[in-house]
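Engineer: Predicted model, plus sequence, below.
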Amino acid sequence: MRPTTSNEALETDYLIVGSGAMGLAFADVIIAESDDSVLLVDRHGAPGGHWNDAYPFVRLHQPSRSYGVASLPLGEDSINALGWNAGLYELASGPEVLAYFDRVMSRTLLPSGRAEYYPMCNYLGDRRFVSLSSGAEHRVKVRKRVIDATYTATEVPATHPPRYAVAEGAKCVPVNALGCLTKPYDGYVVIGAGKTGIDACLWLLENRVPPERIRWIVSRDPWLIDREHFQPGDDFMQVRLGSWARQMEIVNEADSVGHLFELLAKDGMLLRIDESVTPTKFRCAIVSRTELEQLRRIENVVRQGRVERIERDRIVLNGGEIPTGPGVLHVDCSAEALRPSPVLPVFADGQSTLQPVRMCQPAFSAAFIAHVELAYDDDELKNGLCTVIPYPDGPEDWLRMMLANSLNQFRWSQDRDLRRWIKQCRLDNVGGLKRVEGVESAAETSVRERFIAAAGPAVGKMQQFVAELDASTAT
Ligand SMILES: Cc1cc2nc3c(=O)[nH]c(=O)nc-3n(C[C@H](O)[C@H](O)[C@H](O)COP(=O)(O)OP(=O)(O)OC[C@H]3O[C@@H](n4cnc5c(N)ncnc54)[C@H](O)[C@@H]3O)c2cc1C
């Protein structure tokens with residue numbers, strides 16, 4: 001149905017709050033697979049969510065090939081020949097991601113005649129929103145659901161100032177300022193070891209700042225994922241599936257959670273900045289092996305807890321203090337990016353709250369939820385197919401995520417239509433679990449068989465480990 005407007009009253013099937021990757025991926029499936037209408041509201045002036053606030057040198061950390069919306073490819077599907085991502089699928093830059101989402105809106109959604117877009121508008125709740133430019137207030141009559149595509153609340157440094165104090169005379173900037181330096185500094189202190197902190201270190205090294213002039217404050221060392229294991233497409237099928245098979249085998253071999261992480265590290269299934277340090281964080285950050293080698297050139301890594309304040313001549317952390325000076329640029333990368341939020345049912349009471357249903361795959365998850373919304377009638381059934389896999393925080397969340405992911409995959413594999421839908425969806429970065437007759441090599445068949453043999457017992461083992469973790473946190 002076409003959306004209708006009368007004076008300031010609007011009407012639509014789906015009111016989508018948030019036009020980031022998740023809101024757009026949801027809208028795209030509704031428009032492509034039904035006759036329903038959508039109305040998108042966002043505070044930002046352009047589609048793309050947090051990418052509007054990103055630092056100039058930001059890139060996707062997973063391949064463009066499986067990011068964005070289902071109906072429109074992103075990038076050229078090419079493999080990088082040069083640089084620190086060489087040999088792996090291209091990673092769109094921030095401007096490319098924004099141009100892509102602009103095309104999604106202006107060439108796919110709006111031309112359908114069933115989509116309306118209200119940028120620069122703040123959603124007030126209760127199906128009302130107000131324009132941040134004109135002040136006009138709108139009430140929306142929603143025929144089907146309100147979609148909350150804001151819940152994952154991505155934090156980036158430009159919008160989330162540091163939580164520590166900075167004294168007058170100390171120079172501390174958000175990572176966005178690195179791209180506009182007007183003079184070199186004696187030294188650079190990068191604060192944060194998430195995706196953004198890693199990007200800031202790599203950017204400094206790429207711009208030929210000697211590693212001795214970089215100091216990296218790492219309050220919690222992260223476990224990192226090898227990007228090679230997250231490559232889509234047939235050409236990486238063996239590596240991708242081989243890594244999944246190996247992870248399942250390792251779960252079966254481990255005799256405790258601690259042992260599990262030892263084995264994952266030993267076989268390169270999880271990476272870390274320093275082999276001698278046991279990470280205490282897991283946030284789905286992804287690096288190539290070459291990027292990791294580069295990061296390891298920085299020897300001045302400070303592991304003394306979180307920054308409490310930056311003074312003119314010292315940085316006070318909750319585990320000690322280190323000297324600094326007026327010629328040093330402190331680069332804040334402490335925003336949380338993806339934080340775990342309490343899990344809500346995806347479908348409830350005329351509303352849907354978009355959350356990941358596949359590990360570290362928000363775009364696929366939102367498209368999948370939209371398909372489930374259209375293809376099934378009952379909220380209970382829909383929620384059964386959309387078990388939420390919250391963003392992780394600690395290493396044990398790797399285990400919880402793998403378990404929930406495996407159970408979701410299993411549930412989906414029992415439904416022929418869902419299997420078909422996933423197989424044709426360009427956002428699906430798993431693929432390859434089903435034999436492709438006549439195309440597959442003996443080596444590929446063998447890796448699939450290893451995966452199938454290991455996955456069943458591994459689910460039981462992961463359930464046991466998770467139960468042990470739950471019991472130890474309860475006491
Ligand atoms: C640097 C970086 C790199 C990343 N790389 C990848 C990658 O390679 N692959 C991947 O899958 N994921 C990646 N991610 C994860 C990323 O968070 C998701 O891909 C995705 O962009 C998140 O989209 P979202 O729609 O959930 O949230 P957001 O982009 O945060 O969008 C939410 C939107 O809701 C709007 N909003 C909030 N409240 C209101 C309100 N009251 N009224 C109106 N509007 C409101 C906000 O303005 C915002 O535009 C990356 C994240 C970061 C930070």
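Structural biologist: That came through, no problem.

Engineer: What count of nearby residues applies to Q238?
Structural biologist: Counted with other CB atoms under 10 Å, residues neighbouring Q238 total 18. In short, each C-beta sits where N, CA and C put it, glycine included.

Engineer: Got the confidence number for it?
Structural biologist: What the model reports as pLDDT for Q238 is 87.

Engineer: tell me the SS of it?
Structural biologist: The three-state label given to Q238 by DSSP: H, G, I helix; E, B strand; the rest coil is helix.

Engineer: in stretch 351-366, what counts as buried?
Structural biologist: By neighbour count with 16 or more other CB atoms under 10 Å, stretch 351-366 contains the buried residues 352-366.

Engineer: Return the distance of the residue nearest to V97 when sequence neighbours are not counted relative to L202.
Structural biologist: Excluding the flanking residues, the one nearest V97 by CB to CB, 6 or more residues apart in numbering is W51, at 4.8 Å. Distance from W51 to L202, counting by CB to CB, to the nearest Å: 19 Å.

Engineer: ok, those two, which is more surrounded?
Structural biologist: Between W51 and L202, counting by other CB under 10 Å, W51 is the more crowded of the two (24 against 19).

Engineer: for the more buried one, phi and psi?
Structural biologist: phi -60, psi -20 (degrees, to the nearest 10).

Engineer: domain assignment for the protein?
Structural biologist: Per the record, the chain has its domains at 4-153+342-392, 155-221+279-337, by automatic domain parsing.

Engineer: Which among these is found nearest to the ligand?
Structural biologist: Closest approach to the ligand among those is made by domain 4-153+342-392 (2.1 Å; CB to the nearest ligand atom).

Engineer: That closest one near the ligand at all?
Structural biologist: Yes. If you take CB under 6 Å from any ligand atom as the test, domain 4-153+342-392 does meet the ligand, through 17-23, 41-44, 49-50, 58, 60-62, 67, 122-123, 149-150, 152, 361-363.

Engineer: May I ask you to name the longest helix in the protein?
Structural biologist: Criterion DSSP state H: the longest helix present in the chain is helix 442-474.

Engineer: distance between it and the chain's centre?
Structural biologist: The chain centroid and the centroid of helix 442-474 are separated by 23 Å under CA atoms, centre = their mean, to the nearest Å.

Engineer: So which bits of it are buried?
Structural biologist: By neighbour count on 16+ other CB under 10 Å, the buried set for helix 442-474 is 444, 447-448, 450-451, 454-455, 458-459, 461-462, 465-466, 469.

Engineer: swap in stretch 259-279?
Structural biologist: Here stretch 259-279 shows 260-261, 263-265, 269-273, 279 as buried, counting by 16+ other CB under 10 Å.

Engineer: Could you do stretch 103-117 as well?
Structural biologist: Buried positions in stretch 103-117, judged by neighbour count with 16+ other CB under 10 Å: 103-105, 108-109, 112, 114-117.
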